[in-house]
Every structure is written in structure tokens, then in C-alpha cells.
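> I would like the atomic coordinates for the input below:
(one chain, ligands or ions: 1)
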Amino acid sequence: MLKLIGAVASPYVRKVRVVMAEKKLDYEFIPEDVWSAQTRITESNPLGKVPCLVLEGGEAVFDSRVIVEYLDALSPVGRLIPTTGRDRAAVKTWEALADGLLDATILARLERHWPHRQVQERSQAWIDRQMDKVHDSLAAMSRGLGDNALCSGIHLSLSDIAVGCALGYLDFRFPEVDWSTPYPNLQRLHERLMQRPSFIDTRPS
Ligand code: GSF
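Below is the predicted model of the structure:
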């Protein structure tokens with residue numbers, strides 16, 4: 001059986017879990033705290049990060065973008081990434097935008113909260129730079145979604161899943177970032193996604 005090494009609070013892990021659920025794929029979830037001194041994550045992923053998928057033969061697959069692409073090709077159920085061309089590039093760009101927003105939030109959060117960084121080593125300018133990326137990405141997502149029900153075409157795609165995980169992470173870790181008032185279309189999308197069992201069952205905690 002596929003094994004997914006991860007943490008329930010991680011938005012990149014959530015993206016993979018939502019894809020697993022939408023594709024109706026079975027897997028064993030192996031919780032891992034990558035920040036603990038006892039972590040053994042580097043035995044699977046030398047980058048020390050989750051998610052990491054371990055295949056039946058023991059091969060490790062990372063990062064989340066590679067994992068979801070692999071999973072989407074595993075089963076024809078509910079195709080989430082177009083196989084070729086412009087549509088494929090568009091979905092992958094939505095994913096890059098959502099993941100990039102998350103990368104910026106995580107850099108900002110580590111700058112503030114990583115316990116090994118002394119208070120005097122923290123840079124507010126760096127945090128501001130990352131948070132500007134978050135706000136610019138939200139604006140771009142809202143523009144890209146416009147009046148459409150979903151980000152790419154008329155079926156659920158990886159675009160929606162990646163955006164939904166990014167918005168859910170903001171609510172979880174950055175409640176002070178109010179994205180729903182300025183961007184009601186993103187709010188509508190998020191509410192719509194939160195009706196799906198795949199999103200309900202993977203809500204960060
Ligand atoms: C990012 C994974 C990541 O940063 C992906 O899989 O898409 N581009 C990668 N994971 C974090 C956990 S989290 O903040 O969601 C991680 O494992 N960080 C540990 C570290 O040492 O940076």
C-alpha cells in the first residue's frame with residue numbers, strides 16, 4: 001500500500017490527501033514531526049520535508065507537486081490535471097501560485113516563530129516582503145477566478161484543490177489576513193470546496 005509521511009497541519013500534505021480522497025486511492029498515513037530532534041524524515045526525503053510518498057517498492061516520491069502528478073496518472077478516476085498543452089500549464093500555474101503563497105507564509109512564520117532564531121535575528125523587512133507576496137497572490141487568484149465557479153474549466157481540478165488548501169492554511173495560521181472580505185469570489189470557492197468530504201476530512205488542526 002502507498003504510505004504518505006506527513007503532518008495534518010501541513011497545507012502541502014493536505015493537498016496530497018485531498019487528491020488521494022478525490023481519486024479514491026487508499027494509503028497509510030504516517031505522521032511525522034519534521035521539527036522534532038527525533039525526526040527520521042531524512043531517511044526518506046533528504047530535504048527533511050513532508051509530504052513524502054513511499055511507494056510499494058519503498059521508493060520515495062517528493063515534493064507535493066511530483067506526488068500529486070504521480071497520483072493523478074495512477075488512476076483515471078476524476079482527472080485533476082490535463083495531460084497536455086495550455087490547459088495543463090494553466091492548472092500547474094495555479095498550483096505554483098497557491099504553493100508559492102504558502103511558501104511565503106511559511107518563510108514569514110519561521111522568521112517569527114522558529115525557536116532557534118533569536119529575537120534580534122528576526123527581520124521584519126523579510127516578513128513584510130513575504131506577506132506582500134501573500135497579498136499579491138490573493139489578488140491574482142481572485143482576478144483569475146473572476147465570476148467562474150472553479151479556477152480551471154467546469155470540473156474540479158488541482159487548481160481548486162491547491163487554492164483551497166492555501167486559503168484554508170491562511171485561516172488556520174494567519175487569521176489576521178482577511179482574504180474573504182476583499183475577495184468574495186475566493187470565499188465562495190472556499191465554501192464550495194468545504195462541502196466536499198475530501199476537504200472536510202483534512203481540515204488542518
Ligand atoms: C514544500 C514542503 C514543505 O515545506 C512541497 O512538498 O510542495 N515544496 C514542498 N513542508 C514543510 C512542512 S509545512 O510547513 O507544510 C516542511 O516539511 N518543512 C521542514 C523544513 O525543514 O523546512
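
> Which residue comes closest to S123 once chain neighbours are left out?
Spatial nearest neighbour of S123, excluding adjacent residues (Cβ to Cβ, 6 or more residues apart in numbering): E111 at 6.4 Å. The C-beta positions use only the backbone N, C-alpha and C, and glycine is treated the same way.

> and that neighbour, how many neighbours?
18 (other Cβ atoms under 10 Å).

> Mind giving me the packing neighbours of the strand or helix carrying it?
According to DSSP states H and E, E111 maps onto helix 85-113. Of the remaining helices and strands, those touching helix 85-113 by 3 or more Cβ pairs under 8 Å, 6 or more residues apart in numbering; DSSP states H and E are helix 11-22, helix 64-74, helix 124-145, helix 158-173.

> Off-centre distance for the last one?
Right, helix 158-173. 6 Å (Cα atoms, centre = their mean, to the nearest Å).

> Would it count as contacting the ligand?
No: applying Cβ under 6 Å from any ligand atom, one finds helix 158-173 separated from the ligand by no less than 8.1 Å.

> Give me the angle between that helix and helix 11-22.
Helix 158-173 and helix 11-22 are oriented at 130 degrees to each other (axes from the mean of the first three to the mean of the last three Cα atoms, to 10 degrees).

> Pull helix 158-173 out as PDB, backbone CA atoms only.
Extracted C-alpha coordinates of helix 158-173, given in PDB (Å, rounded to 0.1, in the frame of the first residue of the first chain):
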ATOM      1  CA  LEU A 158      -5.800  20.500  -9.000                       C
ATOM      2  CA  SER A 159      -6.100  24.400  -9.400                       C
ATOM      3  CA  ASP A 160      -9.100  24.400  -7.000                       C
ATOM      4  CA  ILE A 161      -7.500  21.900  -4.600                       C
ATOM      5  CA  ALA A 162      -4.300  23.900  -4.300                       C
ATOM      6  CA  VAL A 163      -6.100  27.200  -3.900                       C
ATOM      7  CA  GLY A 164      -8.400  25.700  -1.300                       C
ATOM      8  CA  CYS A 165      -5.500  24.400   0.700                       C
ATOM      9  CA  ALA A 166      -3.800  27.700   0.600                       C
ATOM     10  CA  LEU A 167      -6.900  29.600   1.800                       C
ATOM     11  CA  GLY A 168      -7.500  27.000   4.500                       C
ATOM     12  CA  TYR A 169      -4.000  27.400   5.700                       C
ATOM     13  CA  LEU A 170      -4.400  31.200   5.900                       C
ATOM     14  CA  ASP A 171      -7.500  30.800   8.100                       C
ATOM     15  CA  PHE A 172      -5.600  28.300  10.300                       C
ATOM     16  CA  ARG A 173      -2.300  30.100  10.800                       C
END
